[in-house]
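A.B. asks: Prediction below, plus the sequence it came from.
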Amino acid sequence: MVFIKELNKDFVMTLKSNRTVALSLEDKHQGHVVRMDAPPLEDNTARLVFTTGLSSR
């Protein structure tokens with residue numbers, strides 16, 4: 001992930017359902033996170049989330 005971010009690129013990846021994410025950048029800065037399986041999401045849809053515990057640097 002570090003190499004991809006150094007190229008100023010974004011990417012899509014799958015996450016395990018027990019991974020915690022923030023639903024907005026503001027939530028991430030405030031430490032408000034939810035489990036990946038908590039927000040309602042229909043099949044075959046994408047959602048922008050901010051990961052926690054994964055370093056992009």
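C.D. replies: Received the coordinates, thanks. As the structure is a prediction and not an experimental result, all values here were calculated from the model.
A.B. asks: going forward, measure contacts and count neighbours with C-alpha atoms only.
C.D. replies: Will do.
A.B. asks: gap between residue 51 and residue 37?
C.D. replies: With distances taken as C-alpha to C-alpha, to the nearest Å, residue 51 is found 13 Å from residue 37.
A.B. asks: which of these two has more neighbours?
C.D. replies: residue 51 (19 against 14; other C-alpha atoms under 10 Å).
A.B. asks: and stretch 39-49, C-alpha only, in CSV?
C.D. replies: Extracted in CSV, the C-alpha atoms of stretch 39-49 (Å, rounded to 0.1, in the frame of the first residue of the first chain):
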residue,chain,number,x,y,z
PRO,A,39,-23.1,-0.5,8.3
PRO,A,40,-25.9,-1.8,6.0
LEU,A,41,-24.6,-2.5,2.6
GLU,A,42,-26.3,-4.2,-0.4
ASP,A,43,-24.6,-6.9,-2.4
ASN,A,44,-22.2,-5.8,-5.1
THR,A,45,-21.9,-2.2,-4.0
ALA,A,46,-18.9,-0.1,-3.1
ARG,A,47,-18.4,2.2,-0.2
LEU,A,48,-15.7,4.7,0.7
VAL,A,49,-14.4,4.0,4.2
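A.B. asks: who's in contact with it?
C.D. replies: Outside stretch 39-49, the residues that touch it by C-alpha atoms under 8 Å, 6 or more residues apart in numbering are 21, 22, 23, 24.
A.B. asks: list the contacts for the third one?
C.D. replies: Contact analysis of residue 23 by C-alpha under 8 Å, 6+ apart lists 33, 34, 48, 49, 50.
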